[in-house]
Structure formats: structure tokens, C-alpha cells
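>>> Sequence first, then the predicted structure:
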Amino acid sequence: MTATATGTTTAVRALTPRLRVAVRIIAGRGLARACMQVSMLALLPVWGAEQFGPYVAATGAFNWLTALVQGTEKAALTGLPRAPVLAHQLTRMLVGRAAAPVAVAAVLAVALLPVGGAWALYPAAAVYAGSQGLMSVLASLHRIDGHAGRETTAYVVFAMWVIILAGFAFAGALHPYQYLLGLVTGQLVVCAVLALAVPRLRSRPARVRAGRVLRRRVDRRVFLLGISEVASTAGVAVLYVVIASTGTPADAATVYVVMVISSVFGSLSVLVLRLLQPGTSMRLRGTGGRSGRQRAAAINAWATALAGIALAVGLAVVVFAAAVGGAGAVAAIAASTLALGLAIAVEMVLFCVVLYTIFLLENTNGVALRLTSTAAWVGLAATTVSGLVLVPALHAVGAVVAMVVGLVGRSVLIRLWLRREAGAAAPRP
């Protein structure tokens, strides 16, 4: 083993948290997420639909902003371990880009504070969504620096703050807008404490000769990773709109439950990969990227084939049922718990495989980022089109199948790109 390989192995081990530490991080973030979700369900009967509806609409409208800011977190987890010499400059650039949308939304929220109503509610919701992403970015910086305990503490503290605010709201002391302002205040305080605890943010870095080039590369990486995250989450929002327009309240409730189950499973998968990302980025840099792309191609090949077969079989069953039993048979499939369970199982498995494939590619080089972002938008288009076709007939089952179609679309595009790259890299006689 060469000195370079030995150094890389040592760096990977240092950047990968131990199991006990990883469990604490997952528990801390999971507690905060659970408190936010449970508090919303608990406050529905307290506030009533008239007050709760606008609150949910405002907070749900800016989920994309959280995903956009979290693209900066992925850029930090892949870039900082590879460039320790530029860590000071990169940290300030990345935090600045993550904080920018939060700052803009905060200015609007303060300006519209005297107005009240929806005009003030929506900017506050934007600050809340953006600060969730900013908090994740800052927590990841501490984890990279070897202070994972600070990340866990930050999320546990915020979870306790959510419980306190929910208690006041449950007692009737806080209305939705006041409750949201309390959440925003608590989250911004946690973000400020985390930022002050990062040494590289307390002093100005030395100027680098290629500063303009570095800024362009950082902007490109943050943009592509952020846009990819936005497109990945937008498919769910599109399906909500379709089911609300064509289905019944019962269908919407079923889709909501399915999305909650899928999002919990998906969020856990994403968090596990984020914990592994700094070490993986070090292992797949340079010539190691080829092995990462080869592994991604192998996993993607069999996953695309199996998902395509499952999708074809499922659609064939629906077509056959429609031909033999008519609309009644299709309605029976739409109401079948077995059909919904099978569709969810396929979606979850395929989601994990596609997520891992993209994870490997994003940690190889910057060229793959354009592929992963394009694949995310192709998946969004496939989800939208298939949702418009399937949801009116199959309702909740159709929504899940549309998610599978979107994932298959992403897999196919990635598969074609990897095959073309492998052919271009093959030696010619």
C-alpha cells in the first residue's frame, strides 16, 4: 500500500463517525423532526381548520427552500475534506450562500410584521424553512471538525423549544403566526450559536490568488446540488396538487400518510449517507472516482431492470383488469391495500438505490453534478406526467406508482450517461 493510499484510508476513518456517534446524531435530528411533526398534528384540533389551514399552506409552500439550502450542506461535505488548505475560505463562502436566502426572507418578514395576515405569515414561513437548511449546514461543519456532540445538542435543544412552544399554543396562548415566530426565533438563535462556535467564521481568511475562480466553482456546485434537491422534492408537491384536484379528501389523507411513511424512511436514508459523505468524498476523489462510477453503474443497472419489470407488470395488471372488469375492477385495485403496499415497497427500495447511485456520482467529480441535476428534473417531469394520467384512475396507488415512474426516469438517464462514459473511456484498437 502506498503512502497516498494509506493517508486516504486514515482520512476516511477520521471523517466517518463511529456507530455510537452516528446513533446520537440520528437520534438528535430524529427527535427534532418528530417534535415538529407531532406538534402540528396535536395543534390541529386546538386551532381548527380555519387557522391551521393557512399555517400549513404557508410552511408547506417553502419546503423547496429547505432543500435548496441543503444543497450547500452537500457541497460542504464533499468539498471541505478534499481542500483542507482552502477550508477557511470555503467555509465562509458556503455559509454565506446558505444564509443569503434566510437573510432576504428575514428582511421581508420584519418589514411585513406590522401588516400581519398572510402577507406576514409567508415570509416568516420562508425564514423557518431556510433556517432549517442553514442549521443543518452549520451542524455539518461541526461534525466535519470532529465535534459531532454539538450537532446532537443543537437539535435536542431545538426539540425542547418546539415542545415548550407547542405547550403554550395548546393552552391557547399562541396563535399560528405567533407560534411560527417563536419557532423562527428559536431556530435563528441555535444557528447563531452554532455559527459563533465555528472558528473559521470568527476571522477573515487570507486572500487567495484564484479567489474568483474558487467562487465560481463554489457557486456552480451549490447551484447544481441545490437545484437537484429542489427537483427531487417538487414531485411530492405536484402529486399533492393532482390528488387535491382529482381525488377525494380520503384520497388526499391516504397520500399524506403514505408520504409521511416514505419521508421518514427517506430522511433516515439521506441522513445516513450524509454522515458517510465526507469519508466517501475522500475515497472517491481523483482516480478513485472511476471505481465509484463503476459501482454506481452496476447498482443502477439491476435496479433499473427490476423496477422496469415491476412497473410493467403492475401496469399490465391494471390494463388487463380494465379490459376484463371495466371501471369497477380498476376501482378495486385503487382501493386495494395490497396494491398500495406493493407500490410503496417498490418505491422505497428504488428510492434507496437511486439515492445511493446519485450519492456515489456526486462524490466523484464536478462533471457528474450536471447529470444528477438533469436526472432530477427528468424524474420530476416523469412524475408529473404519469401522475396526471394515473392519479385520477388509481388515486393513492396511482400517486405512488407515479413516484416509481419518476425514479425509473432518473435511473434510465443515469444508466445511459454511464454507458456512454464507459464506452468513451474504453481503449480503442
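Okay, I see it.
>>> okay, CA-based contacts and neighbour counts for the rest of this
Will do.
>>> And the pLDDT at residue 11?
With respect to pLDDT, residue 11 has a value of 55.
>>> right, and residue 150 touches residue 139 too?
Yes: Residue 150 is in contact with residue 139 according to Cα atoms under 8 Å; the separation is 7.3 Å.
>>> Name the residues contacting each of those two.
Common neighbours of residue 150 and residue 139 (criterion: Cα atoms under 8 Å, 6 or more residues apart in numbering): residue 194.
>>> Give me the more crowded residue out of the two.
residue 139 (27 against 17; other Cα atoms under 10 Å).
>>> Tell me how far that one lies from residue 196.
12 Å (Cα to Cα, to the nearest Å).
>>> try residue 296
In terms of Cα to Cα, residue 296 sits 39 Å off from residue 196.
>>> the more surrounded of the two?
residue 296 (22 against 12).
>>> What pLDDT does the model give the nearest residue to the more buried one once chain neighbours are set aside?
Closest residue in space to residue 296, ignoring its immediate chain neighbours: residue 357 at 4.9 Å, by Cα to Cα, 6 or more residues apart in numbering. Note on residue 357: pLDDT of 89.
>>> just the strands in the stretch 301-429 of the chain please.
Counting by DSSP state E, counting those that start in this stretch, the stretch 301-429 of the chain has no strands to list.
>>> where does it have low pLDDT?
366, 422-429 (pLDDT under 70).
>>> Quick one: neighbours of the residue nearest to residue 296, just the number.
By the criterion of other Cα under 10 Å, residue 357 has 22 neighbours.
>>> Residue 299 is in contact with that one, correct?
Yes: using Cα under 8 Å, residue 357 is in contact with residue 299, at 7.1 Å.
>>> Check the contact lists of those two and give me the overlap.
With Cα under 8 Å, 6+ apart, residue 357 and residue 299 have no common neighbours.
>>> which non-adjacent residue is nearest residue 201?
Excluding the flanking residues, the one nearest residue 201 by Cα to Cα, 6+ apart is residue 92, at 6.2 Å.
>>> Just the element for that neighbour, please.
helix 87-111 (DSSP states H and E).
>>> downstream neighbour of that helix in the secondary structure list?
According to DSSP H and E, the helix or strand after helix 87-111 is helix 117-144.
>>> That next one packs against which elements?
Applying 3 or more Cα pairs under 8 Å, 6 or more residues apart in numbering; DSSP states H and E, one finds that helix 117-144 makes contact with helix 49-60, helix 63-79, helix 87-111, helix 148-170, helix 176-196.
>>> what distance separates that helix from the centre of its chain?
The chain centroid and the centroid of helix 117-144 are separated by 14 Å under Cα atoms, centre = their mean, to the nearest Å.
>>> Direction-wise, compare that helix with helix 148-170 and give the angle.
For helix 117-144 against helix 148-170, the angle by axes from the mean of the first three to the mean of the last three Cα atoms, to 10 degrees is 160 degrees.
>>> Could you chop this structure up by domain?
Per automatic domain parsing, the structural domains of the chain span 14-208, 279-424.
>>> I'd like those written out as a markdown table, with distance to residue 234 added.
Below are those laid out as a markdown table (distance: least, Cα to Cα, whole Å):
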| stretch | distance to residue 234 |
| --- | --- |
| domain 14-208 | 7 |
| domain 279-424 | 7 |
